[in-house]
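**Q** Compute the structure for the input listed below.
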Amino acid sequence: MSGEEDVTCVGFFRYADEGENVVLTGDFTEHAVYGRQFKVESYEVAEPEDTLSIIRYLGSGAIKGIGQALAARIVKEFGEDTFRVIEEEPERLVAVKGISDRKAREIAIQVIDKRDMRRIMVFLQQYGISGSLAMKIYKRYGNDAYRVINENPYMLADDINGVGFKIADEIASRVGIHADSDFRIRSALLYILTLATGEGHCYLPKEEIIARAVELLNVPKEGVEVQLNNLAMEQRLYIKYMGETAAVYARSFYFMEVNCARRLKDLSISVPEDEDEIRDKIRRLEKSEKIELEELQREAVLGAVKNGVTVITGGPGTGKTTIINMMIRYFETGQLDILLAAPTGRAAKRMTEATGCEASTIQRMLHLNVSDEKDMGYYYEFNEDNPLEADVVIIDEMSMVDLPLFNALLKAVPVGARLILVGDINQLPSVGPGSVLKDVIASGCCPVVYLKKIFRQSELSDIILNAHRINEGSYPELNNKSRDFFFLERDNVDIILNNIVSLVRDKLPSYVNASPLELQVLTPMKKGRLGVETLNPILQRYLNPPDPSKKEHESGGVILREGDKVMQIKNNYSLEWEITGKFGLVIDKGLGVFNGDMGTIISIDHFNECMVVEYDGMRRVTYPFDGLDELEHAYAVTIHKAQGSEYPAVIIPILSGPRLLFNRNLLYTGVTRAKDCVVLLGSRRQINAMVDNTDEHLRYTGLTQQMINIWEDRI
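**A** Alright, predicted model coming up:
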């Protein structure tokens with residue numbers, strides 16, 4: 001390669017400025033679209049060595065206040081000794097025209113800061129720390145980062161979001177910290193609790209967390225138990241008994257459960273209204289609205305009027321929406337302020353369409369905001385000190401609400417307001433930690449209405465009938481005599497894949513009057529030949545193939561293309577979204593994009609290194625290229641990630657998989673995501689086995705016990 005040849009280098013250069021010299025390490029690759037590229041694995045910023053390079057660097061904008069002309073004058077005065085003069089004798093800069101004493105000091109500070117920052121970044125890079133995390137470490141510790149790394153790198157896991165135990169442990173092993181170090185054991189215990197919340201748990205039994213730590217660290221059990229007790233004494237974690245089980249909680253989750261239980265009790269106030277008058281009013285509303293309620297539905301409306309907290313649960317077609325509408329009409333006649341909300345944008349949109357009243361996400365209702373001064377970097381403007389202005393709060397799709405969100409909601413509901421929780425107890429639990437709806441119902445502390453009857457308007461839907469069969473333990477009808485529930489028996493993966501493409505692209509769109517991107521492939525698994533990771537590239541190839549008119553960008557080995565269907569895979573409370581109207585004017589904006597939100601890539605901007613994703617057909621979010629690890633293709637998603645969503649048609653491949661995952665609960669949730677059509681492909685035997693399998697992934701949650709304790713004044 002000649003010295004004059006231009007080379008395209010691909011990588012993330014988080015702490016290199018324009019004009020700087022860099023030493024790159026990597027390999028040449030051949031990109032399918034962009035041709036020969038040098039893929040950078042690591043790099044190091046080098047000090048400019050010749051006078052021309054020094055001028056180029058100083059005048060590049062990296063040092064504020066110095067342009068090309070001033071840079072040339074500085075280097076003319078000091079030559080190759082320029083950086084030494086700036087760092088060691090900055091007062092000499094005043095000899096250069098245009099530089100005052102103050103400006104000389106500012107230039108010196110910038111050059112020294114950038115030098116220190118670069119050295120620390122390079123120092124951290126050798127431990128496999130990415131540029132963005134290295135920047136966080138530098139901002140948190142400054143030059144003290146060297147001491148932290150050498151003495152107790154486990155501090156990183158405590159202090160910096162994004163540095164987990166494994167990164168800290170790898171650094172610790174490289175700097176020679178002993179495997180049985182107290183720092184290491186304590187950090188591992190807190191890390192294990194964090195992992196547990198990712199699995200849906202709110203706590204771990206003491207024996208289980210000790211066993212996990214022993215396996216992770218390969219250290220004696222006795223040392224782990226000592227440090228577990230030390231952390232409990234310091235109140236960095238809590239050990240509480242659930243019956244005979246010693247439950248080990250992260251501090252925050254223990255207080256979330258206790259607060260939820262207390263707030264629910266405070267809200268559970270009976271409203272002093274005459275029951276006969278309420279019933280008469282309901283009957284008059286039935287006449288005026290031309291709706292005839294079934295007796296259990298009347299009891300649900302009655303309970304919502306009389307009680308501070310009411311839970312309504314039932315499967316599809318059991319009249320939950322009818323009850324919500326009747327409750328709204330009832331409370332409107334009393335001129336009460338009503339708020340409607342759901343956990344996701346899609347669920348809130350459906351709630352708005354079903355009721356004719358504006359519904360929002362819970363996060364938006366609580367006014368999510370971001371602050372570096374708050375825990376986790378976000379907070380809600382409505383809370384116990386600034387409660388919602390509402391007489392009635394109705395929450396739909398409660399099975400999706402996790403413990404942290406429920407805790408935030410309850411803080412904001414004023415005592416005296418009615419709280420009505422509506423959901424399907426048989427859906428999969430929330431993606432986040434907790435099992436809120438099930439726990440509240442299991443406590444027996446709040447009034448619960450169970451809806452089981454399927455109403456006449458739903459009886460023609462085999463989706464609903466088969467969903468109830470599955471839930472009751474009966475096998476679904478797979479005889480293909482239905483107009484909305486189909487089964488294609490297949491035992492060959494390649495044939496199933498071909499059928500999925502044909503259904504989504506060619507056959508189902510016209511059948512349900514929807515575009516291919518509105519349909520959804522749901523699968524039980526992330527991995528495997530029928531998992532998300534296999535299906536998405538195939539579906540992208542057929543539904544949104546390469547096109548000269550569509551820009552694309554490679555991120556993490558995945559091609560993201562304009563028009564792609566994508567999903568946010570982690571909660572990001574600081575991402576801003578906008579809704580624009582005519583002429584591009586912003587008509588609404590807010591914060592937060594959440595795990596499971598699905599959208600479409602609208603545009604890719606290579607010059608500004610960002611892409612725009614539109615969610616719910618309205619909200620537009622701009623992602624920098626270095627933030628694309630939060631996005632995945634969503635042509636196929638796991639059934640778990642589809643909670644709370646509804647699609648014109650769903651296609652579910654079911655062939656084989658682990659028993660713990662392939663259960664009744666999962667099949668029921670997948671089927672109930674469809675509005676107009678379900679197609680199951682695969683093994684009849686496996687589908688029936690899922691119906692027979694009532695085993696579910698165990699979640700360690702304590703809300704039920706906390707509620708019982710508080711209702712009985714044990715806390």
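**Q** all strands in the stretch 551-700 of the chain, in order from the N-terminus.
**A** In the stretch 551-700 of the chain, the strands defined using DSSP state E, counting those that start in this stretch lie at 552-555, 558-561, 565-568, 572-580, 586-593, 598-605, 610-615, 619-624, 631-633, 636-638, 647-654, 674-682.
**Q** and I312, what are its bridge partners?
**A** Partner residues in beta bridges with I312, using DSSP bridges, are V422, V449.
**Q** hmm, back to that, I495 is nearest to which of the strands of the stretch 551-700 of the chain?
**A** Closest approach to I495 among these (C-beta to C-beta): strand 674-682, 8.9 Å. No exception for glycine: its C-beta is placed from N, CA and C like everyone else's.
**Q** and the angle for the closest one with strand 647-654?
**A** Counting by axes from the mean of the first three to the mean of the last three C-alpha atoms, to 10 degrees, strand 674-682 points 20 degrees away from the direction of strand 647-654.
**Q** So in that sheet, which strands flank strand 674-682, and in what orientation?
**A** strand 485-489 (parallel), strand 647-654 (parallel).
**Q** Now render those strands as JSON lines, adding distance to T701.
**A** Putting these into JSON lines (distance: least, C-beta to C-beta, whole Å) gives the following:
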{"stretch": "strand 485-489", "distance to T701": "34"}
{"stretch": "strand 647-654", "distance to T701": "28"}
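**Q** N143 is nearest to which of those strands?
**A** strand 647-654 (53.7 Å).
**Q** and the closest one, what's its mean pLDDT?
**A** Here strand 647-654 scores 96 as its mean pLDDT.
**Q** before we move on, back to that, among the strands paired with strand 674-682, which is the most enclosed?
**A** strand 647-654 (a mean of 24; mean count of other C-beta atoms under 10 Å).
**Q** the residue most distant from the middle of this protein, which is it?
**A** Going by C-alpha atoms, centre = their mean, the residue of the chain most distant from its centre is A95, 56.1 Å out.
**Q** Can you tell me the SS state at T25?
**A** Secondary structure, DSSP: H, G, I helix; E, B strand; the rest coil: T25 is strand.
**Q** what's the burial count for it?
**A** The tally of other residues near T25 (other C-beta atoms under 10 Å) stands at 11.
**Q** Touching, it and V40? I think so.
**A** Yes - at 7.2 Å, T25 counts as touching V40 under the criterion of C-beta atoms under 8 Å.
**Q** quick revisit: what sits against the residue farthest from the centre of the chain?
**A** E77 (C-beta atoms under 8 Å, 6 or more residues apart in numbering).
**Q** since we're on S252, how many residues are nearby?
**A** 16.
**Q** Read off the pLDDT value for it.
**A** For S252, pLDDT reads 94.
**Q** what do you get for N152?
**A** Confidence for N152, expressed as pLDDT, is 82.
**Q** if I look at the closest residue to it other than its chain neighbours, how far off is N218?
**A** Spatial nearest neighbour of N152, excluding adjacent residues (C-beta to C-beta, 6 or more residues apart in numbering): F183 at 5.0 Å. F183 is 16 Å from N218, where distance means C-beta to C-beta, to the nearest Å.
**Q** neighbour-wise, which of these two wins?
**A** F183 (18 against 9).
**Q** before we move on, which element is that one in?
**A** helix 182-198 (DSSP states H and E).
**Q** The next helix or strand after that helix - what's its average pLDDT?
**A** Next along the chain after helix 182-198, taking DSSP H and E as the criterion, comes strand 203-205. Here strand 203-205 scores 97 as its mean pLDDT.
**Q** what about strand 203-205, distance to the chain center?
**A** 23 Å (C-alpha atoms, centre = their mean, to the nearest Å).
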